[in-house]
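Have a look; sequence and predicted model below, questions after that.
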Amino acid sequence: HAIFLQQILTKALLLPTPSVACPGNIIQNTETGVCDAVVNFADATGADNCNVVSVAQTGGSASGSRFVKGQTTIEYTVTDTSGNSNTCTATLTVQDQEPPVITCHSNHSVNTDLGECSAQHSYPSATVTDNCVGSLVFRSSAVQNGPYPLGVTVDTWLALDATFLNRDSCIVEVTVVDNEPPELCT
């Protein structure tokens, strides 16, 4: 009996597993104005030396679902009539290619400070909107925490999203004007 049982176990262990072919890896951009996308993809296919009973998606959301930005693993399992199975995976990547939108305040003029040839001046930061959270706003200016000199100073505002690849920029011109009359010495 032991030899007969060993032959049955050996044959069971040697039964070929079905083959499975997953759809290729998928890369899709987020939809406009949102940080996700509806993604459609093909099902896996299976083959076997006998009959394939089922090909089922066993991991990840179904085709036609909404996927958030990032990576999701899609897994399929194929099973044959003998109960043998095999799995495959595909990686679905939703990426953000939409740049943020920055809005600068208008150009403006200010007078020099009394008795000075410059003006201490501040104004509100530029604002930014983006389809995904995590945008940053930076100001580049010849003036860093000091007075604006007489004349025109261009402040450049830059918005970067969380990928640091998508960007937008705008400028504000700050004009300092000397409207203070000179004093006459007597």
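In hand now; what should we look at?

was I right about residue 171 contacting residue 154?
Yes: counting by CB atoms under 8 Å, residue 154 is a contact partner of residue 171 at 5.5 Å. Glycine gets a C-beta too; all of them are placed from N, C-alpha and C.

for this structure, what spans make up the helices?
With DSSP state H, the ranges of helices along the chain come out as 2-14.

now it, which segments are flagged as low pLDDT?
1-15, 186 (pLDDT under 70).

Go ahead and flag the most central residue of it.
Nearest to the mean C-alpha position of the chain, by CA atoms, centre = their mean, lies residue 96 at 3.4 Å.

isn't residue 74 right next to residue 56, touching?
No: counting by CB under 8 Å, residue 74 stays clear of residue 56, with 11.8 Å between them.

Tell me which of these two has more neighbours.
Taking other CB atoms under 10 Å, residue 74 and residue 56 do not tie; residue 74 has more neighbours (25 against 15).

Excluding residues flanking it in the chain, which one is nearest that one?
Nearest residue to residue 74 in three dimensions, chain neighbours excluded: residue 60, at 3.9 Å (CB to CB, 6 or more residues apart in numbering).

can you tell me which residues contact the one you found?
Listed by CB atoms under 8 Å, 6 or more residues apart in numbering, the contact set of residue 60 reads 72-75, 92.

got a list of what the nearest residue to residue 128 once chain neighbours are set aside touches?
Nearest-residue entry for residue 128: residue 159, 4.2 Å, with adjacent residues in sequence omitted and distances by CB to CB, 6+ apart. By CB under 8 Å, 6+ apart, residue 159 lies in contact with 100-102, 126, 128, 130, 135-138, 167-169.
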